[in-house]
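Chemist: Need coordinates for the following:
(4 chains)
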2 protein chains.
Amino acid sequence: MTKFNPELMRGSLDLMVLSVLAGGRKYGYLLQQELRDASRGLVDVQAGTLYPLLHRLESDKLIRCKWDDSTGRRRKWYELTEPGRKRLSAQAREWHEYAECLRTMLAPILGPAPRPAT
Amino acid sequence: MTKFNPELMRGSLDLMVLSVLAGGRKYGYLLQQELRDASRGLVDVQAGTLYPLLHRLESDKLIRCKWDDSTGRRRKWYELTEPGRKRLSAQAREWHEYAECLRTMLAPILGPAPRPAT
DNA sequence: CAGACATATATCGCGTGGCTATATATAGAC
DNA sequence: GTCTATATATAGCCACGCGATATATGTCTG
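Modeler: Below is the predicted model of the structure:
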């Protein structure tokens, strides 16, 4: 996990994984790369973080998986379940609300919001 | 901690505390209330979370404290140190960058950004 | 062919930090 | 006198990201 303090990610890493999976079925290693690309290299989730996270999401029935050994490369493909889709949208909304809340509180430090057309 | 998933706060709760302290010296109980008010009730940090957090910030020299028993009410007043001020601004910038990053990644889920004038 | 490297998944133990529960003590209200 | 709000503190629990480590295979290079 480069760039950002790992504690910052707690609680939103699963959200990021779900959001990448919303783009279609992926296997872990690919997901790791797409996560890195989608964040322009800022979020580089380690294998020791990602795989246990996927196992958690699976045991929570938010994603499901299927092995595919047919290509020689042993890969475990994950996809969102319906509950997973619901969780993604709920968690995204929660995060957004939290971010807006914090943004407001930090406004004096970050400087007046760059929001409107000014 | 109401409303939000506690894991969401990890890594930004200390940031919120520092930002409230940027508004002047406070004691713990007051800080708790101001944090609740500043977040319109969304962030209600519990005593068992707040006091250990203040102790951590103090041992990291980001805040300093002074007891004041003169009013009958035994109160421990905290204020930002210079390193604390620097940490606040650095951490605020880091959080902002992270939030922008996540916002971008979640854009397809949250719906096209309500940012520009359209 | 041998060795190196990227691909691909898995698990263990560690540290951090928010939570609940609990404890203590005083001021003010009734 | 009792109850509530004020005010601080600590112990133990649990979740989870991390680094380290293990394993196995495809691919490239000399």
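
Chemist: Get me the contact residues on chain A for DNA strand C.
Modeler: Residues of chain A lying close to DNA strand C by Cβ under 7 Å from any atom of the strand are A:7, A:27-30, A:47-48, A:51-52, A:54-55, A:73-77. The C-beta positions use only the backbone N, C-alpha and C, and glycine is treated the same way.

Chemist: which one of these is nearest B:L88?
Modeler: The shortest approach to B:L88 among these belongs to A:E7, at 15.8 Å (Cβ to Cβ).

Chemist: Count the neighbours of that closest one for me.
Modeler: Other residues near A:E7 number 14, with proximity taken as other Cβ atoms under 10 Å in any protein chain shown.

Chemist: Now do the contacts for it.
Modeler: A:E7 makes contact with B:R10, B:G11, according to Cβ atoms under 8 Å, 6 or more residues apart in numbering or on different chains.

Chemist: hmm, back to that, so of the residues of chain A next to DNA strand C, which two are at opposite extremes in space?
Modeler: Farthest-apart pair in the residues of chain A next to DNA strand C is A:E7 and A:R73; separation 34.5 Å (Cβ to Cβ).

Chemist: Let me know the secondary structure of A:Y78.
Modeler: strand (DSSP: H, G, I helix; E, B strand; the rest coil).

Chemist: Would you confirm that it contacts A:G24?
Modeler: No. Checked against Cβ atoms under 8 Å, the pair A:Y78 and A:G24 is beyond contact range at 10.2 Å.

Chemist: ranges for the strands of chain A?
Modeler: Secondary structure of chain A (DSSP state E): strands located at A:26-27, A:63-68, A:75-80.

Chemist: and the ones you listed as TSV, adding mean pLDDT and mean neighbour count?
Modeler: Shown next, in TSV, are these (pLDDT from 0 to 100; neighbours: other Cβ atoms under 10 Å in any protein chain shown):
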stretch	mean pLDDT	mean neighbour count
strand A:26-27	98	20
strand A:63-68	96	14
strand A:75-80	98	18
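
Chemist: Relative to chain B, which of those strands is closest?
Modeler: strand A:75-80 (11.5 Å; Cβ to the nearest Cβ).

Chemist: Let me know whether A:G84 touches A:S19 as I believe.
Modeler: No. Taking contacts as Cβ under 8 Å, A:G84 lies outside contact range of A:S19: 10.8 Å.

Chemist: hmm, back to that, would you list the strands of chain A in a markdown table and tack on distance to B:L62?
Modeler: Listed next are those as a markdown table, based on distance: least, Cβ to Cβ, whole Å:
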| stretch | distance to B:L62 |
| --- | --- |
| strand A:26-27 | 40 |
| strand A:63-68 | 39 |
| strand A:75-80 | 41 |
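
Chemist: Using CSV, please lay out those together with distance to chain B.
Modeler: Shown next, in CSV, are those (distance: least, Cβ to the nearest Cβ, whole Å):
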stretch, distance to chain B
strand A:26-27, 14
strand A:63-68, 16
strand A:75-80, 12
